[in-house]
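> Here you go, sequence then predicted model.
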Amino acid sequence: MQGICLLGATGSIGQSTLDIIAQHPDKFRLVSASANVSVDKMAQICRRFKPQRIVMGSQQARDELATLCAESSTSFEWGDEALQSIVADAQVDQVMAAIMGFAGLKPTLAGIRAGKRILLANKESLVTAGKLFMDEVAQSQVMLLPIDSEHNAIYQSLPQHKAGAHKQDVDKIILTASGGPFRTWSLDEMANVTPAQACKHPNWSMGQKISIDSASLMNKGLELIEACWLFDVTPDDVEVVIHPESIIHSMVSYRDGSVISQMGNPDMKIPIAYGMTWPNRVETNVPSLNLTQVAKLHFEAPDLQRFPNLQLAADAWFMGGTAMAILNAANEVAVAAFLQHRIGFLQIAEVNRTVLEQADIRSVNQLDDVFEADAAARLLAEQCISCGEK
Ligand code: NDP
Ligand code: MG
């Protein structure tokens, strides 16, 4: 029986994780869960799964939840300290890191330090703190299992059981991308899209922020950086290929000409269950792949003119230091501004570029360097957006 601490329980990954827990009550138990503001959703989770501890983002949310669940024996808490404490409980074996954005960094690191198996959905934490994050993983000797479907596919396609073997045998990693809802749209057409259109992903059902990132290809940019940290490669070793059907979730190309991929219907329950049960597998209720029904798979190169975020991410990797945290922070602010109709869709990449060009990029020696870079970049992005509004 594995005890699960589910960070970001009320989100899209959170829901899929709960589905796996509910499907396998003999294997998994929800020990603790967190959310920011979604009190009603959390009350339902509390009633159904009866976790020991729940942490909300504010005292108000905590109090509202405690009132809704007055009969329950769960302990209701709030704030950063509580969040970092639930991951370390003795009953917790696995931490699902599924908070959205940079806010997920500290609790995820706390899970690593506590020696728990880390199921990493929250790519922003690895993108922003890269080397520090991977150093902590190595020091604590924890299992880090990528939940992002592409990285999960790469993980499954690499020769993990032969230490170091992938280094010499792998020619390149092929990172697939659906291309998002605007894959075939012109720049003129993309100029006036609404948040609702951008959130309407053709294949995946996801949270708002990652849906916008998928539409702008920033998600693939973040994933490029994520792959570099996870698999110890550089953007030169990774080829991004647009694959609109999202059936092949990524591939590894070997020096003998073999290409190994992981395929399946686009449903996050597959990589989530893989992470939770590795090195075994369990049923997920996801229909098995019907290849004759899929019939055709398509591939094309990404268009960096229409989707400059992908190039910005590669640039940030080569700039090194705090550049990746800066790009991520700019993007989080720009996406929030787009969702609030303060900027247009194409301005997301413009804000990202401006902030990356103007910010002071420093080396990362400690976690504070990442937090300072994040705060400064948020300020710059906000200024950049306010200037455009005048
Ligand atoms: P959602 O927006 O659906 O859910 C986000 C979760 O994080 C919610 O529980 C939310 O709580 C919580 N949260 C948001 N902001 C904060 C904050 N400041 N402090 C604490 N908790 C917070 O996101 P997704 O589930 O789509 O994505 C989660 C992570 O997984 C992201 O990093 C994303 O990139 C990654 N990922 C997601 C995939 C997907 O298919 N959805 C695929 C691959 C990666 P509340 O509900 O109260 O706001
Ligand atoms: Mg992904």
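Happy to help now that I have it. Ligands and ions are numbered 1, 2, ... in the order given.
> who's in contact with residue 224?
175, 235, 238, 240, 310, 313, 314, 317 (Cβ atoms under 8 Å, 6 or more residues apart in numbering). Any C-beta I mention is one placed from the backbone N, CA and C, and that applies to glycine too.
> measure the closest residue to ligand 1 within the stretch 201-350 of the chain to residue 266 for me?
Residue of the stretch 201-350 of the chain nearest ligand 1, by Cβ to the nearest ligand atom: residue 207 (2.5 Å). Relative to residue 266, residue 207 is positioned 15 Å away (Cβ to Cβ, to the nearest Å).
> Can you show me the helices along the stretch 51-200 of the chain?
59-68, 80-86, 105-113, 123-140, 149-157, 165-169, 187-190, 195-199 (DSSP state H, counting those that start in this stretch).
> Let me have those helices in a markdown table, extended by distance to ligand 1, mean pLDDT and mean neighbour count.
Formatted as a markdown table, these follow (distance: least, Cβ to the nearest ligand atom, whole Å; pLDDT from 0 to 100; neighbours: other Cβ atoms under 10 Å):
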| stretch | distance to ligand 1 | mean pLDDT | mean neighbour count |
| --- | --- | --- | --- |
| helix 59-68 | 7 | 98 | 16 |
| helix 80-86 | 7 | 97 | 18 |
| helix 105-113 | 8 | 98 | 24 |
| helix 123-140 | 5 | 97 | 21 |
| helix 149-157 | 6 | 96 | 25 |
| helix 165-169 | 22 | 75 | 13 |
| helix 187-190 | 22 | 96 | 12 |
| helix 195-199 | 11 | 94 | 16 |
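> Please identify which of these is closest to residue 336.
helix 195-199 (10.5 Å; Cβ to Cβ).
> ok, and what's touching the closest one?
With Cβ under 8 Å, 6+ apart, helix 195-199 has contacts from 181, 182, 208, 211, 212, 215, 216, 338, 339, 341, 345.
> let's go with 7 Å and repeat that
For helix 195-199, contacts defined as Cβ atoms under 7 Å, 6 or more residues apart in numbering pick out 181, 208, 211, 212, 215, 338, 339, 345.
> quick one: the first one and residue 194 touch, right?
This means residue 181. No. Contact criterion Cβ atoms under 7 Å: residue 181 and residue 194 do not qualify, at 11.1 Å.
> Of the two, give the one with the bigger neighbour count.
A direct count of neighbours by other Cβ atoms under 10 Å for residue 181 and residue 194 places residue 181 higher, at 19 against 12.
> Need the mean per-residue confidence for stretch 268-279.
For stretch 268-279, mean pLDDT is 97.
> Using CSV, write down the CA coordinates of that stretch.
In CSV, the C-alpha atoms belonging to stretch 268-279 read as follows (Å, rounded to 0.1, in the frame of the first residue of the first chain):
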residue,chain,number,x,y,z
MET,A,268,-2.6,11.5,-18.6
LYS,A,269,-3.8,8.6,-16.5
ILE,A,270,-1.3,6.4,-18.5
PRO,A,271,1.9,8.3,-17.4
ILE,A,272,0.4,8.9,-13.9
ALA,A,273,-0.2,5.2,-13.4
TYR,A,274,3.2,4.4,-14.8
GLY,A,275,4.9,6.7,-12.3
MET,A,276,2.8,5.4,-9.4
THR,A,277,3.5,1.8,-10.1
TRP,A,278,6.9,1.8,-11.7
PRO,A,279,8.5,-0.7,-12.4
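> and it, anywhere near ligand 2?
No. Against ligand 2, stretch 268-279 shows no contacts by Cβ under 5 Å from the ion, the least distance being 8.8 Å.
> Stretch 235-242 now?
No. Using Cβ under 5 Å from the ion, we find that stretch 235-242 stays clear of ligand 2, coming within 11.8 Å at best.
> Could I get the buried residue list for that stretch?
Burial within stretch 235-242, assessed by neighbour count using 16 or more other Cβ atoms under 10 Å, is assigned to 235, 238, 239, 240, 241, 242.
> what does the stretch 101-250 of the chain put close to ligand 2?
148, 149, 150.
> Output stretch 135-153 in CSV with nothing but the alpha carbons.
Only the C-alpha atoms of stretch 135-153 are listed here, as CSV (Å, rounded to 0.1, in the frame of the first residue of the first chain):
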residue,chain,number,x,y,z
ASP,A,135,21.5,18.0,-7.5
GLU,A,136,18.9,17.5,-4.7
VAL,A,137,17.5,14.5,-6.4
ALA,A,138,21.0,13.0,-6.7
GLN,A,139,21.9,13.8,-3.0
SER,A,140,18.6,12.4,-1.6
GLN,A,141,18.8,9.4,-4.0
VAL,A,142,15.1,9.6,-4.6
MET,A,143,13.2,8.1,-7.6
LEU,A,144,12.2,11.0,-9.9
LEU,A,145,9.5,9.8,-12.3
PRO,A,146,8.5,12.2,-15.1
ILE,A,147,4.7,12.5,-15.4
ASP,A,148,4.7,14.9,-18.4
SER,A,149,3.6,12.5,-21.1
GLU,A,150,6.5,13.3,-23.4
HIS,A,151,9.2,12.8,-20.7
ASN,A,152,7.4,9.7,-19.4
ALA,A,153,7.6,8.4,-23.0
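> I would like the residues contacting it, please.
By Cβ under 7 Å, 6+ apart, stretch 135-153 touches 13, 109, 112-113, 115-121, 123, 155, 175-176, 223, 226-227, 230, 249-250, 261-262, 268, 271-272, 274-275, 278.
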